[in-house]
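> Have a look at this fold, sequence not included:
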């Protein structure tokens, strides 16, 4: 379960998701935002931003902020009042992030989503494309559960599962969860002074689950269990995960400086896990491309509509298809960003003409290089 292994360094990671709990961003005594703490978080992210990192922030705190406006500083809130509190608090939370990050020269964007968006094929692809575009333009997405229409966060008490879904959606290298505890312990550290923190977890086995089951009180109220479920999901997909305390200033840089956390280690990289998943999908169509497009694909480029010769099969946006050159040699397997009907209409055209042809805006690429698994001759399932 726990081994003497090296933790990846920040320099080796390109894309990160930082999940922030309510206790980190909201002052429990006065019910307001911890502005100085948020400023220190922005300092950390600005440094990563300057190093070329791409960062998504998944932030709780809307309900905790909004309940003050409803005159409910603490105690039980009905579902309806919790949703109303979320609606009030969310606008305060988004403005605070926008103002603080703007003072650091960073643009933020608000994304309100829920777990159902990751289950619905079209909504998942649209959300993923939006996040990818924001990250490629070095905008920091601030993601939260849309509590006025979805009640998962209110019922379960955290955004851990949502953060895991976002990490998988964007192919993150690491998910960093800032909580009210500095990691996973053998028993509840608030109740047992002999509890020991597990600094490195390689497998979430029955012993780890039992440690969670034994915990009572603050950290087990929906929290540690959902964090372990998040860890199980993301590490299988090749994503590193940490649980650390968000009570300190500069909470992210502190993790890398002190390793004051629990690390959950992945078994491979997000890219390899995603490519393996794409390779396992059943293909439902074929796109034939010209020699120029074939060469571009082999050089790590995406497929543009201008390079498409013809289409075979009937498929939907997001389906897996094969890419083939005019000599009938298979180039690889890819997910597509258009339906077969749409591709037939835009085949051979320039990306700037897509809206005029289809009558609505579309993606500049038909198949992105991140969604492509290249084959080599003789491969039944290739590798990138």
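Cool, got the structure. Computed from a predicted model, the values in this text were never measured in an experiment. Numbering: from 1, shown residues only.
> what residue of this structure is the furthest out?
Going by Cα atoms, centre = their mean, the residue of the chain most distant from its centre is residue 327, 39.0 Å out.
> Strands of the stretch 1-150 of the chain, start to end?
15-20, 54-59, 108-113, 140-145 (DSSP state E, counting those that start in this stretch).
> no wait, the stretch 201-350 of the chain
So, for the stretch 201-350 of the chain - with DSSP E, counting those that start in this stretch - the strands run 240-245, 261-264, 285-289, 308-313, 320-325, 330-335.
> Neighbouring strands of the first one in the sheet, and parallel or not?
Each strand pairing with strand 240-245, determined using DSSP bridges, is listed with its direction: strand 174-179 (parallel), strand 261-264 (antiparallel).
> would you list those strands in a markdown table and tack on mean neighbour count, distance to residue 318 and mean pLDDT?
C-beta here means a position set from N, CA and C on the backbone, and glycine is covered the same way. A markdown table is the format used below for the strands paired with strand 240-245 (neighbours: other Cβ atoms under 10 Å; distance: least, Cβ to Cβ, whole Å; pLDDT from 0 to 100):
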| stretch | mean neighbour count | distance to residue 318 | mean pLDDT |
| --- | --- | --- | --- |
| strand 174-179 | 27 | 23 | 94 |
| strand 261-264 | 25 | 29 | 92 |
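> TSV for the ones you listed, including distance to residue 228?
Output for those, formatted as TSV (distance: least, Cβ to Cβ, whole Å):
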stretch	distance to residue 228
strand 174-179	11
strand 261-264	9
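> sorry, back to before: compile the strands of the stretch 1-150 of the chain into a markdown table and extend it with columns for distance to residue 318 and mean pLDDT.
Below are those laid out as a markdown table (distance: least, Cβ to Cβ, whole Å; pLDDT from 0 to 100):
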| stretch | distance to residue 318 | mean pLDDT |
| --- | --- | --- |
| strand 15-20 | 21 | 96 |
| strand 54-59 | 21 | 96 |
| strand 108-113 | 17 | 93 |
| strand 140-145 | 21 | 93 |
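> Nearest to residue 198 among these would be which one?
strand 15-20 (19.0 Å; Cβ to Cβ).
> List the contacts of that closest one.
41, 45, 48, 53-61, 135, 159-160, 163, 166-167, 170-178, 246, 252, 270 (Cβ atoms under 8 Å, 6 or more residues apart in numbering).
> ok, now stretch 241-256?
9-10, 18, 20-21, 23-25, 36-37, 40-41, 43-45, 47-48, 174-184, 227, 230-231, 234-235, 260-264, 266.
> Can you select the buried ones from the residues you listed in PyMOL?
To isolate the buried members of these in PyMOL, using 16 or more other Cβ atoms under 10 Å:
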select buried, resi 10+18+20+21+23+24+25+37+40+41+44+45+48+174+175+176+177+178+179+180+181+182+183+184+227+230+231+234+235+260+261+262+263+264+266
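> check contacts around residue 359.
Contacts of residue 359 by Cβ under 8 Å, 6+ apart: none found.
> ok, it to residue 295 distance?
Going from residue 359 to residue 295 by Cβ to Cβ, to the nearest Å gives 32 Å.
> What is the burial count for residue 83?
Using other Cβ atoms under 10 Å, residue 83 has 19 other residues around it.
> remind me which residues of the chain are low pLDDT?
In the predicted model, the chain carries pLDDT under 70 at residues 1-6, 72-76, 115-120, 147-158, 206-207, 209-222, 376-384.
> and if we set it to 50?
Residues of the chain that meet the criterion pLDDT under 50 lie in 1-3, 156-157, 214-222, 378-384.
> domain parsing for it?
Following the assignment in automatic domain parsing, the chain carries domains at 10-267, 275-374.
> Check the gap between residue 352 and residue 287 for me.
20 Å.
> the more surrounded of those two?
When residue 352 and residue 287 are compared for neighbours, residue 287 comes out ahead with 27 against 8, by other Cβ under 10 Å.
> picking that back up, dump the strands of the stretch 1-150 of the chain into JSON lines; add distance to residue 333 as well.
Formatted as JSON lines, the strands of the stretch 1-150 of the chain follow (distance: least, Cβ to Cβ, whole Å):
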{"stretch": "strand 15-20", "distance to residue 333": "23"}
{"stretch": "strand 54-59", "distance to residue 333": "25"}
{"stretch": "strand 108-113", "distance to residue 333": "28"}
{"stretch": "strand 140-145", "distance to residue 333": "29"}
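> Quick one: closest of those strands to residue 274.
Here strand 15-20 is closest among the strands of the stretch 1-150 of the chain (Cβ to Cβ), at 12.0 Å.
> Pull up the pairing partners for that closest one, direction included.
By DSSP bridges, strand 15-20 pairs with strand 54-59 (parallel), strand 174-179 (parallel).
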